[in-house]
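Participant: sequence-free structure coming up:
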């Protein structure tokens, strides 16, 4: 049995075109680390190299049993091919570090968080800040239609990916709901 077989640590990555938000969870109640890493480059090969340089240390430090990343639909013509390159990199590196890769889509996240009411990004981020008060200071302002998405949103999207993955195995929000927190 490998060391990761008993490991509850998961690394979640919200992959964007030139950056990713990440969160490291040890089960549904312990947030070990979070942040944003950039990998801006003009050439695709350089972008993949920079992404590897940012992801490998996270895998080495936290040795997650599972890496969870966001799935981008093939319908998103501008993002999908570049996203796939990074996903292939993550899959290869996760295997090298004795982990597996799980991809989750936005609909799966909405389905999990809809049990708590509103499943929009702002509402999900607020629920996450209630679960993990250490993230409260990173909570983005409520987004208006004319506003760009806040830089910190990717952190909350990464945590949402992790909680969504964990709900496939246990009821993360049952205690939260029993306490009467909206």
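Facilitator: The structure has been received and is ready for your questions. Predicted model only: the values in this text are computed from it and were never measured. Numbers count the residues shown, from 1 in each chain.

Participant: Tell me how many other residues surround residue 60.
Facilitator: 11 (other C-beta atoms under 10 Å). Quick note: C-beta positions are derived from backbone N, CA and C, even for glycine.

Participant: can you check the one 4 residues further on too?
Facilitator: Residue 64: 26 surrounding residues under other C-beta under 10 Å.

Participant: so it touches residue 22, yeah?
Facilitator: No - with contact defined as C-beta atoms under 8 Å, residue 64 does not reach residue 22; the gap is 10.5 Å.

Participant: for the chain, what spans make up the strands?
Facilitator: Assigned by DSSP state E, the strands in the chain fall at 9-15, 19-26, 31-38, 66-70, 100-104.

Participant: what mean pLDDT does the fourth one have?
Facilitator: When you say that, I think you mean strand 66-70. For strand 66-70, the mean pLDDT works out to 94.

Participant: now do the second one
Facilitator: Per-region confidence: strand 19-26 scores 96 on mean pLDDT.

Participant: That one pairs with which strands?
Facilitator: Strand 19-26 sits in its sheet next to strand 9-15 (antiparallel), strand 31-38 (antiparallel), going by DSSP bridges.
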